[in-house]
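J.: From the sequence below, what's the structure:
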Amino acid sequence: MNNWIHIDQHVKQWLKEARNAILTSLQTKLAIDTKANANDLVTNVDKETEQFFVHNIHSHYPTHRIIGEEGFGDIIETLDGIVWLIDPIDGTMNFVHQKRNFFISIGIYENGVGKLGYLYDVILDELYYAIAGEGAYFNDVKLPLLQEGRIEEAIIGLNPFWIGSVSKVGNDSSKAFISLLNDVRGTRSYGSAAMELAYVASGRMDAYISMSLSPWDYAAGKIIIEELGGIVTNIAGEEINILEKSSILAARPGVHGVILDRYLKNL
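T.: You can find the predicted model right below:
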């Protein structure tokens, strides 16, 4: 455990340093590029932030391996040993257009088991984190375990893009989603998977659904939510392979099972 505490201290220090650099960058003109499509943005700050973490991790923990969204980590085919999964700016579109509502996401796994998770709201200086077996915290205040919820009182995170995609699949799929939207208390879409997973962990939302996330999008949130008794699976209710892109259903107890059995099983 001492080793994990040492790593935890380093991560928190690096997050503060990364925040200072990002805030400074917001005073200058960003270099903006695209990746998979015109709406898949990447900036010089995404790349520089990932490089900052990769340099520090390799310098202090040379046997550790890294999966980073921007490709500055290692080529990894197994989760043997200690693996860091990093999204340097989760919510790049928010970063570019709003200068807020973006997170740094870091998940650390040992032989495929989540050990440390960090979701950091850079602008608000708010850190959600977990140490496996030691609980989860919000700015060093321990978070309570997630209690069972009711679907009728639930607020869920859901990207409207996915609703449109599902409606094209067929009538049954469309009806299932419409039924879910009608039954919950409300829906939200923040444009950052890390932010929405942090909100599930802290109880600000009761569930989050996404049809396709990369490992660096969900690795940290999975650790934190599960440490609090929440449930994170794919939309078929199956365990997630941390090395693969996956659909995600993350929710407090009670709500997860109802969403899975009543709505998502037909998708």
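J.: shaky segments in the protein?
T.: 1-2, 40, 163-174, 266-267 (pLDDT under 70).
J.: Go ahead and list the helix or strand containing residue 220.
T.: Applying DSSP states H and E as the criterion places residue 220 in helix 215-227.
J.: quick one, what contacts the nearest residue to residue 199 once chain neighbours are set aside?
T.: In space, and not counting its chain neighbours, residue 199 is closest to residue 205: 4.3 Å by C-beta to C-beta, 6 or more residues apart in numbering. Quick note: C-beta positions are derived from backbone N, CA and C, even for glycine. The contact partners of residue 205, by C-beta atoms under 8 Å, 6 or more residues apart in numbering, come to 155-157, 188, 196, 199.
J.: If you rank those residues by neighbours, which is first?
T.: Using other C-beta atoms under 10 Å as the neighbour criterion, residue 196 leads the contacts of residue 205 with 30 neighbours.
J.: Can you name the residues in contact with whatever helix or strand it lives in?
T.: Here residue 196 sits within helix 193-201, counting by DSSP H and E. With C-beta under 8 Å, 6+ apart as the test, helix 193-201 has contacts from 87, 90-91, 101-105, 119, 121, 128, 136, 143, 146, 157, 188, 190, 205-208, 210, 213, 217-218, 220-222, 224-225, 228, 230, 248, 250-252.
J.: Convert the C-alpha atoms of that helix to PDB, please.
T.: The C-alpha trace of helix 193-201 is given here as PDB (Å, rounded to 0.1, in the frame of the first residue of the first chain):
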ATOM      1  CA  ALA A 193     -17.400  11.200 -20.100                       C
ATOM      2  CA  ALA A 194     -15.000  11.900 -17.200                       C
ATOM      3  CA  MET A 195     -17.300  14.700 -16.000                       C
ATOM      4  CA  GLU A 196     -20.400  12.500 -16.200                       C
ATOM      5  CA  LEU A 197     -18.700   9.600 -14.500                       C
ATOM      6  CA  ALA A 198     -17.500  11.900 -11.700                       C
ATOM      7  CA  TYR A 199     -21.100  13.100 -11.300                       C
ATOM      8  CA  VAL A 200     -22.400   9.500 -10.900                       C
ATOM      9  CA  ALA A 201     -19.700   8.900  -8.300                       C
END
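J.: contacts for the helix or strand following it?
T.: Using DSSP H and E, the helix or strand that follows helix 193-201 in sequence is strand 207-213. The contact list for strand 207-213 (C-beta under 8 Å, 6+ apart) reads 154, 156-159, 162, 165-166, 193, 196-197, 199-200, 217, 235, 245-252, 255-256, 259, 264.
J.: Can I have the buried ones of the residues you listed as a PyMOL selection?
T.: Buried residues among the contacts of strand 207-213 (16 or more other C-beta atoms under 10 Å), as a PyMOL selection:
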select buried, resi 154+156+157+158+159+162+166+193+196+197+199+200+217+235+246+247+248+249+250+251+252+255+256+259+264
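J.: Cross the contacts of strand 207-213 against helices and list the overlap.
T.: Judged by DSSP state H, helices contain the following of the contacts of strand 207-213: 162, 165-166, 193, 196-197, 199-200, 217, 255-256.
J.: Looking at the residues you listed, which is nearest residue 36?
T.: Among the ones in helices among the contacts of strand 207-213, residue 217 lies closest to residue 36 (C-beta to C-beta), at 13.9 Å.
J.: Pretty sure that closest one sits against residue 87.
T.: Yes - assessed by C-beta atoms under 8 Å, residue 217 is found in contact with residue 87 at 6.1 Å.
J.: any shared contact partners between the two?
T.: Common neighbours of residue 217 and residue 87 (C-beta under 8 Å, 6+ apart) are 105, 194.
J.: what about the residue lying closest to residue 253 once chain neighbours are set aside, which helix or strand?
T.: Spatially, and ignoring its direct neighbours in sequence, residue 253 is nearest to residue 148 (4.7 Å; C-beta to C-beta, 6+ apart). Counting by DSSP H and E, no helix or strand carries residue 148.
J.: hang on, residue 148 packs against residue 251?
T.: No - counting by C-beta under 8 Å, residue 148 does not reach residue 251; the two are 10.5 Å apart.
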